[in-house]
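Trainee: can't give you the sequence, but here's the structure:
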């Protein structure tokens, strides 16, 4: 495996990790903005 392939694989893994982490942080921030009664209503509506 040459260095370009190794670097590309590393970048893909890094971007995937950052994307997942960013999405989790965004979801956590949005979830924290909802008050408990609205949160429960949203959970109930999903069920």
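Mentor: Yep, it's here. The model shown is predicted, which means the values in this text are computed figures rather than measured ones.
Trainee: pull out the buried positions in the helix or strand bottoming out on mean pLDDT in the chain.
Mentor: Sorted by mean pLDDT, DSSP states H and E, the helices and strands of the chain end with helix 36-46, the least confident at a mean of 84. Using 16 or more other CB atoms under 10 Å as the test for burial, helix 36-46 gives no buried residues. Placement of C-beta: from N, CA and C, glycine included.
Trainee: run through who's touching it.
Mentor: 31, 34 (CB atoms under 8 Å, 6 or more residues apart in numbering).
Trainee: buried set for the helix or strand harbouring residue 8?
Mentor: Taking DSSP states H and E as the definition, one finds residue 8 inside helix 3-33. Going by neighbour count (16+ other CB under 10 Å), nothing in helix 3-33 comes out as buried.
Trainee: measure how that helix sits relative to helix 36-46, angle-wise.
Mentor: 120 degrees (axes from the mean of the first three to the mean of the last three CA atoms, to 10 degrees).
Trainee: I'd like to know the average pLDDT value across helix 3-33.
Mentor: Per-residue pLDDT over helix 3-33 has a mean of 86.
Trainee: which strands or helices does it pack on?
Mentor: Applying 3 or more CB pairs under 8 Å, 6 or more residues apart in numbering; DSSP states H and E, one finds that helix 3-33 makes contact with no other helix or strand.
Trainee: centre of the chain to that helix, how far?
Mentor: What separates the centre of helix 3-33 from the centre of its chain is 7 Å, taken as CA atoms, centre = their mean, to the nearest Å.
Trainee: for the least confident helix or strand of the chain, what is the distance to the chain centroid?
Mentor: 21 Å.
Trainee: same question, stretch 19-35
Mentor: That offset, for stretch 19-35, works out to 7 Å (CA atoms, centre = their mean).
Trainee: got a list of contacts for that stretch?
Mentor: Stretch 19-35 has contacts (CB under 8 Å, 6+ apart) with 39, 42.
Trainee: and if we set it to 7 Å?
Mentor: residue 42 (CB atoms under 7 Å, 6 or more residues apart in numbering).
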